[in-house]
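> I would like the atomic coordinates for the input below:
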Amino acid sequence: MNEYSAFGRWNIASLKGSSVIIVNEDSAFNDAVQKEFDSDHIFCRKLTDIKTALTWVRRQRPDLIIIDWCLKKNEAMTLLSRLKKHMDTRNITIMMIVPPNSENTVIDILQIGVDGCVMRPFSVAEFMARTRAIIRRNVKFSYEPVLDFGELKIEVETRRVVLQGKNIDLSPTEFRLLKMFVTYKNQVFSRSQLMSQLRIVDSNIGERTIDVHILRLRKAFANVQPHYAGLIKTVRGSGYKFVTDVDI
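Numbers count the residues shown, from 1 in each chain. From the prediction side, this is the model:
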């Protein structure tokens, strides 16, 4: 079943008006995906250097930034660090293009806060399917009410998380994981279910992706109130669940 037949017209309509910035030195690849974005009515700006990329990201606030890990002089890490450092860009969804057999690299950049990776080699069709999935996921999760649990408050529209009056910085994927857990309290989710539900796009990495994001969520809670880190419980042999019987 292809990208279009699975979701019908709503799938394509939901992408219209979205914006993407791709930072990649491969002009042939950039031109190929540009045609695909144009057909979906997605605005795409193709860039090759991080200075220009930072300028446009701050000016445009895109729905998705795609970065090639193989930019010269380790510029991908420099760009990622700068995006995560500034308040106005740290919550923008980021997908990284990584070289073959780079699982350790993927784990490292997920720890920093990247939302997903696509590993070479891949076709333009696969790349676009994953990109569309991320954008569609962002649209799907943007029209829901504010969620509360104890002193934890989740403002879905602004992607703001507050615990005991203090803001918690989460990546977009970590935010979606938290929102899903709070929405379905005490329900056990396997790692594969979480990846499927959230459309996490980490080809060839598999379920370890979820473990990294869960670890980051727990650490974020623990930095404010250690008891809240215990809300996300590991269910041995099954996965994870958000429990409500923790003394908070």
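> For the rest of this, base every contact and every neighbour count on C-alpha atoms.
Noted.
> Any regions of the protein where pLDDT drops low?
1-14, 139-145, 197-206, 246-248 (pLDDT under 70).
> pull the longest helix from it.
The longest helix of the chain (DSSP state H) is helix 124-140.
> Which stretches in the protein count as strands?
Per DSSP state E, the chain carries strands over the ranges 19-23, 43-47, 64-68, 93-98, 116-119, 147-149, 152-155, 160-163, 166-168, 232-235, 239-242.
> Mean neighbour count and distance to residue 105 for the ones you listed - can I get that in JSON lines?
Below are those laid out as JSON lines (neighbours: other Cα atoms under 10 Å; distance: least, Cα to Cα, whole Å):
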{"stretch": "strand 19-23", "mean neighbour count": "22", "distance to residue 105": "18"}
{"stretch": "strand 43-47", "mean neighbour count": "19", "distance to residue 105": "23"}
{"stretch": "strand 64-68", "mean neighbour count": "23", "distance to residue 105": "13"}
{"stretch": "strand 93-98", "mean neighbour count": "23", "distance to residue 105": "8"}
{"stretch": "strand 116-119", "mean neighbour count": "24", "distance to residue 105": "10"}
{"stretch": "strand 147-149", "mean neighbour count": "14", "distance to residue 105": "34"}
{"stretch": "strand 152-155", "mean neighbour count": "18", "distance to residue 105": "31"}
{"stretch": "strand 160-163", "mean neighbour count": "18", "distance to residue 105": "28"}
{"stretch": "strand 166-168", "mean neighbour count": "15", "distance to residue 105": "25"}
{"stretch": "strand 232-235", "mean neighbour count": "17", "distance to residue 105": "25"}
{"stretch": "strand 239-242", "mean neighbour count": "20", "distance to residue 105": "24"}
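> so can I have CSV of those strands showing distance to residue 182?
Listed next are the strands of the chain as CSV, based on distance: least, Cα to Cα, whole Å:
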stretch, distance to residue 182
strand 19-23, 29
strand 43-47, 33
strand 64-68, 25
strand 93-98, 21
strand 116-119, 22
strand 147-149, 7
strand 152-155, 9
strand 160-163, 12
strand 166-168, 15
strand 232-235, 10
strand 239-242, 7
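> ok, residue 99 - how many residues close by?
Other residues lying near residue 99 total 16 when counted by other Cα atoms under 10 Å.
> Let me know the angle separating the longest helix of the chain from strand 64-68.
150 degrees (axes from the mean of the first three to the mean of the last three Cα atoms, to 10 degrees).
> residues contacting the residue sitting nearest the centre point of the chain?
Nearest residue to the geometric centre of the chain (Cα atoms, centre = their mean): residue 115, 2.9 Å. Going by Cα atoms under 8 Å, 6 or more residues apart in numbering, residue 115 touches 93, 94, 95, 171, 172, 173, 200.
> Looks like the fourth one contacts residue 87 (just checking).
Spelled out, that is residue 171. No. When contacts are counted by Cα atoms under 8 Å, residue 171 is not listed as touching residue 87 (11.9 Å).
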